[in-house]
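K.L.:
just the structure for this:
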Amino acid sequence: MKKKAPTKVFHCTNCGEKFPRWSGKCPACETWNSIEEWVETGSKFTEAKRNISDPPRYEKPIPLTEVEEDKFIRRSTGFQELDLVLGGGIVPGSLVLIGGEPGVGKSTLILEVAKNLSASGKVLYVSGEESSSQIGLRAKRMSISTPDILLSSESYVENIIQMMEHIQPSIVFIDSIQTVQKQSLINQAGTVTQLRESTQSFLETAKGLSIPIFLIGHITKEGSIAGPKVLEHLVDTVLYFEGDKLNYYRILRAVKNRFGAVGDIAVFEMKNQGLEEVKDRNDLFIFKDQERAEGSVLAAVLEGSRALSVEVQALVAKSSLAQARRMSEGLDNKRLILLCAVLEKYLGLPLSGSDVFANLAGGLNIDEPALDLAICAAILSSASNQPVSSKTAFLGEVGLSGEVRNVGQLGLRIKELEGIGIERIILPISSQKEWKDTNTNLKLEGITHLRDLNQLL
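P.N.:
Predicted coordinates:
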């Protein structure tokens with residue numbers, strides 16, 4: 001019988017859609033020059049017809065009450081803060097994706113973790129971006145010398161999986177997912193199809209061999225991990241490594257975690273010998289000074305399962321422009337504009353001719369309504385040139401009519417503020433009534449409107 005000739009199709013490397021003819025612009029994702037011609041043969045993407053006479057066998061469903069709990073044992077990364085971000089440690093068979101800007105320290109981080117884990121088993125480090133000699137130079141600078149870290153520059157997924165099955169390492173690091181590719185696909189490495197299929201293969205291998213795999217991912221100019229969102233949906237945990245290249249501090253944040261809380265952060269300091277975790281984060285985010293300057297107040301925000309004390313700063317200065325500016329760093333700029341309008345309307349604060357700048361100290365980026373009252377207090381303090389006591393903190397959300405609303409997880413926030421020496425907290429009166437702890441010496445003052453805040457300050 002004569003074989004059927006291969007069918008030519010046109011495939012978008014950005015969104016993965018197929019088309020019968022070439023086009024300069026993809027109709028699905030509207031990306032230019034992303035459609036390539038390829039031949040549909042007997043690959044995985046060929047629409048093969050199932051044999052109806054031999055249907056696939058299904059797994060018998062079981063009642064929820066009879067499901068057995070997995071008795072997996074988490075492994076420590078050697079960093080207490082990183083273990084907390086992961087939900088208590090590394091889960092066997094998990095697939096973790098770490099994203100961050102170039103030069104932020106992703107490769108340094110996984111090499112540090114590889115050093116800590118090599119004491120209890122072999123570690124496979126696969127790098128498609130650097131040669132083994134380049135990794136060796138970094139390891140020498142970081143004083144890492146162990147034969148249990150196995151280096152490889154393999155870039156084909158099939159070969160990496162074969163190495164895992166043969167070596168049986170305790171953990172695998174792949175730097176990066178954009179540089180590996182499946183040999184069965186004709187697309188280039190880094191395309192949507194390669195990213196999706198490679199990640200799916202690593203997911204199946206991690207679950208089948210119970211070996212945790214860490215993937216390093218590049219990010220786009222918009223700050224998201226390069227590739228489709230399905231890449232983040234496939235993995236178990238997504239971590240973002242943030243930090244300014246001119247700043248020595250790095251923040252690792254969990255944005256997805258199937259085995260723990262979302263939003264937890266770990267802070268590291270970049271040194272010549274590598275990364276060192278910062279356990280006392282208050283030294284980084286709060287300037288400890290008895291005489292606090294005007295426009296600087298304290299508050300508490302939630303980061304995952306923990307509360308974090310932060311310092312909110314504001315500067316009100318006479319504007320030399322026709323339209324006054326509203327600029328923020330680490331805070332939502334739209335929220336700042338809204339709060340300035342509320343202050344101007346209900347407190348009569350003359351802000352229309354003044355520039356207002358707001359900042360969250362320490363390089364944090366947090367968008368939480370519980371900071372509204374602290375931002376308003378900082379603006380009032382700067383506008384009136386009246387400093388706020390370093391023993392006072394503010395908690396509360398501000399509405400459009402100037403009312404102060406309740407905040408969630410009040411107990412965690414108050415405990416955190418009490419731990420840094422706060423003696424007085426200004427918060428919504430509804431939260432004050434809910435607080436039942438009598439073992440604290442904190443003075444809680446409840447307010448209902450911004451006018452009450454103005455009188456207190």
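K.L.:
and the helices in the stretch 251-400 of the chain, which stretches?
P.N.:
With DSSP state H, counting those that start in this stretch applied, the stretch 251-400 of the chain shows helices at 282-285, 333-346, 372-384, listed in chain order.
K.L.:
would you mark the buried spots in the last one?
P.N.:
Yep, that's helix 372-384 we're talking about. For helix 372-384, a neighbour-count test (16 or more other C-beta atoms under 10 Å) marks 372-383 as buried. (Glycine included, C-beta is placed from N, CA and C.)
K.L.:
packing partners for it?
P.N.:
Packed against helix 372-384, as judged by 3 or more C-beta pairs under 8 Å, 6 or more residues apart in numbering; DSSP states H and E, are the following elements: strand 296-303, strand 306-318, helix 333-346, strand 354-360, strand 392-394, strand 397-398, strand 424-428, helix 450-456.
K.L.:
circling back: and the buried residues of helix 372-384 as TSV, adding pLDDT and distance to residue 115?
P.N.:
Below are the buried residues of helix 372-384 laid out as TSV (pLDDT from 0 to 100; distance: C-beta to C-beta, whole Å):
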residue	pLDDT	distance to residue 115
372	96	44
373	96	45
374	96	40
375	96	42
376	96	47
377	96	45
378	96	43
379	96	47
380	95	50
381	94	47
382	94	47
383	93	52
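K.L.:
ok, back up a step: dump the helices of the stretch 251-400 of the chain into TSV; add distance to residue 99 as well.
P.N.:
Putting the helices of the stretch 251-400 of the chain into TSV (distance: least, C-beta to C-beta, whole Å) gives the following:
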stretch	distance to residue 99
helix 282-285	22
helix 333-346	24
helix 372-384	29
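K.L.:
how about the ones you listed, which one is nearest residue 219?
P.N.:
helix 333-346 (21.6 Å; C-beta to C-beta).
K.L.:
average pLDDT across that closest one?
P.N.:
Mean pLDDT, taken over the full extent of helix 333-346, equals 95.
K.L.:
ok, the buried residues of helix 372-384 vs residue 252, which is closest?
P.N.:
Checking these against residue 252 with C-beta to C-beta, the nearest one is residue 374 at 25.1 Å.
K.L.:
which residue packs closest to the closest one, ignoring adjacent ones?
P.N.:
The shortest distance from residue 374 to any residue other than its chain neighbours is 3.7 Å, reached at residue 299 (C-beta to C-beta, 6 or more residues apart in numbering).
K.L.:
can you check residue 400 too?
P.N.:
The spatial neighbour of residue 400 that comes closest, neighbours along the chain excluded (C-beta to C-beta, 6+ apart), is residue 342 at 6.5 Å.
K.L.:
any stretches of the chain with poor pLDDT?
P.N.:
Low-confidence segments of the chain, defined by pLDDT under 70, are located at 1-8, 39-56, 69-71, 220-228, 244-247, 283, 288-292, 436-440.
K.L.:
domain ranges for it, per the record?
P.N.:
For the chain, automatic domain parsing gives the domain ranges 7-40, 80-278, 284-456.
K.L.:
of these, which approaches residue 73 most closely?
P.N.:
Proximity of these to residue 73 was assessed by C-beta to C-beta; the nearest stretch is domain 80-278, lying at 7.4 Å.
K.L.:
just checking, what packs against the longest helix anywhere in the chain?
P.N.:
Counting residues, the longest helix found in the chain (DSSP state H) is helix 192-209. Judged by 3+ C-beta pairs under 8 Å, 6+ apart, helix 192-209 is in contact with strand 95-100, helix 157-167, strand 213-217, helix 230-234.
K.L.:
identify each buried residue in stretch 408-421, please.
P.N.:
Neighbour-count burial for stretch 408-421, with 16+ other C-beta under 10 Å as criterion, is recorded at 410, 413-414, 416-418.
K.L.:
next one: stretch 198-205
P.N.:
In terms of neighbour count (16+ other C-beta under 10 Å), stretch 198-205 has its buried residues at 198-203, 205.
K.L.:
now, which of those sits nearest residue 324?
P.N.:
Of all the buried residues of stretch 198-205, residue 324 sits closest to residue 199, with 48.0 Å by C-beta to C-beta.
K.L.:
tell me the contacts of the residue lying closest to the closest one once chain neighbours are set aside?
P.N.:
Excluding the flanking residues, the one nearest residue 199 by C-beta to C-beta, 6+ apart is residue 234, at 5.0 Å. With contacts defined as C-beta atoms under 8 Å, 6 or more residues apart in numbering, residue 234 is in contact with 95, 196, 199-200, 203.
K.L.:
how about those, which pair is most distant?
P.N.:
Pairwise over these, using C-beta to C-beta, the maximum falls at 95 and 196, 13.4 Å.
K.L.:
tell me which of the two has more neighbours.
P.N.:
residue 95 (24 against 16; other C-beta atoms under 10 Å).
K.L.:
can you tell me how far that one is from residue 210?
P.N.:
When C-beta to C-beta, to the nearest Å is applied, the distance between residue 95 and residue 210 equals 12 Å.
K.L.:
what's around the closest residue to residue 102 other than its chain neighbours, how many residues?
P.N.:
Closest residue to residue 102 apart from its sequence neighbours, by C-beta to C-beta, 6+ apart: residue 218 at 7.5 Å. Here the number of neighbours of residue 218 (other C-beta under 10 Å) works out to 18.
K.L.:
can you check residue 177 too?
P.N.:
A total of 28 residues lie near residue 177 under the criterion other C-beta under 10 Å.
K.L.:
what of residue 133?
P.N.:
The criterion is other C-beta under 10 Å. On that basis, residue 133 has 9 neighbouring residues.
K.L.:
which phi and psi does it have?
P.N.:
phi -70, psi -40 (degrees, to the nearest 10).
K.L.:
what sits against it?
P.N.:
Under the criterion of C-beta under 8 Å, 6+ apart, the contact list for residue 133 is empty.
K.L.:
quickly note the distance from it to residue 149.
P.N.:
Summarising the geometry, the distance separating residue 133 from residue 149, computed by C-beta to C-beta, is 14 Å.
K.L.:
same thing with residue 416?
P.N.:
Shown here: residue 416 relative to residue 149, a distance of 38 Å by C-beta to C-beta.
K.L.:
and if you look at residue 305?
P.N.:
Spatial separation of residue 305 from residue 149 under the definition C-beta to C-beta is 32 Å.
K.L.:
which of those two has more neighbours?
P.N.:
Neighbour totals were compared for residue 305 and residue 149, and residue 149 leads with 21 against 15 (other C-beta under 10 Å).
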